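okay, sequence plus prediction incoming.
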Amino acid sequence: MPEQSLANYQSIAAGLRLPEHAFIDGDIITARGAAVFQTLNPATGMPLATLPHCGPEDVDRAVRAARQVFQAGSWSRAAPEVRKAALLRLADLIRRDGQKLAVMESLESGKPITDCLNEITVEVPDIFQWYAELIDKSYDRIAPTAETACAMILREPIGVVATVLPWNFPLLMATWKLAPALASGCSVVVKPAEDTSLTALCLAELAVEAGIPAGVLNILTGPGETTGRLIGQHADIDTVSFTGSTEVGRLFLQYAASSNLKTVGLEMGGKSPFIVLDDAELTPELIDNAAMAAFWNGGQNCSANMRQIVARNRQDEYLEKVVARARAIRVGDPLDPGTEMGPMISRQHRNRVQSFIDTGVKEGARLMLAPDAEIMSGPGSFLAPTVFADLTPGMTIAREEIFGPVLGVLAVSSLEEALTVANGTEYGLHATVYTGDLNHAMHFARRLACGTVAVNGFTEGDIKTPFGGYRKSGSLARDKGIEAMGQYQQTKTVWINLPESAT
Ligand code: NAD
């Protein structure tokens, strides 16, 4: 294992060859249109890469390639063992190049290198491996009928899938979609977020090296308002799997309605609660989890637990401990292995988060830990952890998704009030409950209106468990687990009439 130091990662960064192209039909290509766009390194504010702004011709070309290979069947109808072997090779190639990819992702997203390493050298290849291994262990079904028929319920790949992705977990989010879509036999057109396209482009090259046929995986770079919209409105895409804001998710439903009625899977925003009941012991482990739930990835996490709902009689002790932990979080150079929190994705996003903090103060929330002015004064888009107390459910910062490191504590006086406040949101992605009583844990687990409930520890589950939201956090689609396959498959009934038995 190479030395785990800032100098080591800086030297890997200096030697990186950053992609400058889109990827269509197995080829690195410059876009047909002359337009390009630039991405910035959020830690320095300096330009990082210049990429094609894919226009209508590029989108058409990618969709055509995906359709042709789907119809040809070299992937969609390949034997399960063939797809399995290729995806296992892809997992190994990601492991081989994992360190470089992690450094690239840290540079473009501002995520701490330790998080990037964990996601890209461990989680991403393990997810490809998990779905690869599922392929030849998944059976279709036979319906119960009389002997005069055999009724088969077959699952078939849906066809051409597009996936439009956010910037907060670039390669991991791509993998949550791609691994089950490719395992199903679909062809895929990926549009990464415009701030974070690089690792997806490298993944497409590795897919070719792994033996996945040209055209099965295409990457279109470009902004959402143009490239993303063209994808949403394209008449030959069968399904879109989208992760991003609720506002843009709604647009994808409109695009589908006004084009070919493609199916749309949505994973969207959240305003998730972290509930501490009065029987929970405020251990260092609980406080670490509270801080991680709010500040992991700088709070730029769909399931961030920003509304921390705490039993009123524990509030003072809780605030003292959470503020101390938040103050200790090391904000700094994402390539430094000691860094716990990097910059916000952009200055524009930092300004948006800052305006929520200002609104919180104006609306009367008590600022217990203000963002560190020194951290914000340098280059890049850094922001430090912020903690508010005395939130009330109607306040803007208690209702709207901030997507930054702003933790707010709401005090409650009873179990039922905790539940009412927790559910008092338009969203429903995730919740954490801390309690020493199993009965309370189950009561909350059953009554919380959200897709994932974590008890006595902040977690989103693992690859074996589905992830998705209730209400405005998601559609019925789920990422992860066997359930994710449902986004990329459709069922076909084959009813075979048989002659009456001769006996
Ligand atoms: P976003 O909605 O702004 O962008 C997501 C993607 O949509 C990007 O690729 C973007 O280019 C594209 N897009 C933007 N405008 C578009 C348009 N008009 N037409 C078509 N495409 C368009 O979201 P973001 O800022 O990248 O990510 C943050 C959001 O994602 C947060 O709301 C967060 O909660 C959510 N998110 C959800 C999950 C989940 O699993 N539920 C996971 C990660 C992030």
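All right, it came through fine. Residues are numbered from 1 along each chain as shown.

for the ligand, see how far away the residue nearest in space to the middle of the chain is.
Centre of the chain computed as the mean C-alpha position; nearest residue by Cα atoms, centre = their mean is Met173, 3.9 Å away. Taking Cβ to the nearest ligand atom, to the nearest Å as the criterion, Met173 is separated from the ligand by 6 Å. For the C-beta atoms, the positions are set from N, CA and C on the backbone; glycine is no exception.

which residues in the stretch 151-300 of the chain form strands?
When assigned using DSSP state E, counting those that start in this stretch, the strands of the stretch 151-300 of the chain occupy the ranges 160-164, 187-191, 217-219, 239-243, 263-267, 273-276.

do me a favour and average the pLDDT over the last one.
Mean pLDDT, strand 273-276: 98.

parallel or antiparallel, which strands does that strand pair with?
The partner list of strand 273-276 in its sheet, established with DSSP bridges, is strand 307-311 (parallel), strand 430-434 (parallel).

in the last one, what counts as buried?
Buried residues in strand 430-434, counting neighbours by 16 or more other Cβ atoms under 10 Å, are found at His430, Ala431, Thr432, Val433, Tyr434.

near the ligand, which residues of this structure are found?
If contacts are counted using Cβ under 6 Å from any ligand atom, the residues of the chain sitting beside the ligand are 164-168, 173, 191, 193-194, 223-225, 228-229, 232, 243-245, 248, 251, 267-270, 302, 401, 403, 429, 469, 473-474.

those, buried ones only, as a PyMOL selection?
This is the PyMOL syntax for the buried subset of the residues of the chain next to the ligand, where burial follows 16+ other Cβ under 10 Å:
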select buried, resi 164+165+166+167+168+173+191+193+194+223+224+228+229+232+243+244+245+248+251+267+268+269+270+302+401+403+429+469+473+474
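
now, which of the residues of the chain next to the ligand lie within helices?
Using DSSP state H, the subset of these located in helices is Met173, Arg229, Gly232, Val248, Leu251.

then stretch 165-183 to CSV, C-alphas only?
Output in CSV follows, covering the C-alpha atoms of stretch 165-183 (Å, rounded to 0.1, in the frame of the first residue of the first chain):
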residue,chain,number,x,y,z
LEU,A,165,-26.8,12.1,-11.8
PRO,A,166,-25.9,14.5,-9.0
TRP,A,167,-22.4,15.8,-7.9
ASN,A,168,-22.3,14.7,-4.3
PHE,A,169,-21.3,11.1,-4.7
PRO,A,170,-20.3,11.0,-8.4
LEU,A,171,-19.0,7.5,-9.1
LEU,A,172,-21.0,5.9,-6.3
MET,A,173,-24.3,7.2,-7.6
ALA,A,174,-23.4,6.2,-11.1
THR,A,175,-22.7,2.7,-9.8
TRP,A,176,-26.0,2.4,-7.9
LYS,A,177,-27.7,2.8,-11.3
LEU,A,178,-25.2,1.3,-13.7
ALA,A,179,-24.5,-2.0,-11.9
PRO,A,180,-28.2,-3.2,-11.9
ALA,A,181,-28.9,-1.7,-15.3
LEU,A,182,-25.9,-3.5,-16.9
ALA,A,183,-26.6,-6.7,-15.0
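
avg pLDDT for that stretch?
Taken as a whole, stretch 165-183 carries a mean pLDDT of 98.

one more: stretch 92-102?
Stretch 92-102 shows a mean pLDDT of 98 in the predicted model.

can you point out the buried residues in that stretch?
Within stretch 92-102, the residues that count as buried by 16+ other Cβ under 10 Å are Leu93, Ile94, Arg95, Asp97, Gly98, Gln99, Lys100, Leu101, Ala102.

ok, stretch 360-372 next?
When burial is assessed from 16+ other Cβ under 10 Å, stretch 360-372 yields the following buried residues: Gly360, Ala365, Met368, Leu369, Pro371.

quick one: contacts for Pro385?
Contacts of Pro385 were listed using Cβ atoms under 8 Å, 6 or more residues apart in numbering, and they are Ala291, Ala294, Phe295, Ala326, Arg327, Ile329, Val331, Met341, Leu369, Pro371, Pro405, Leu407.
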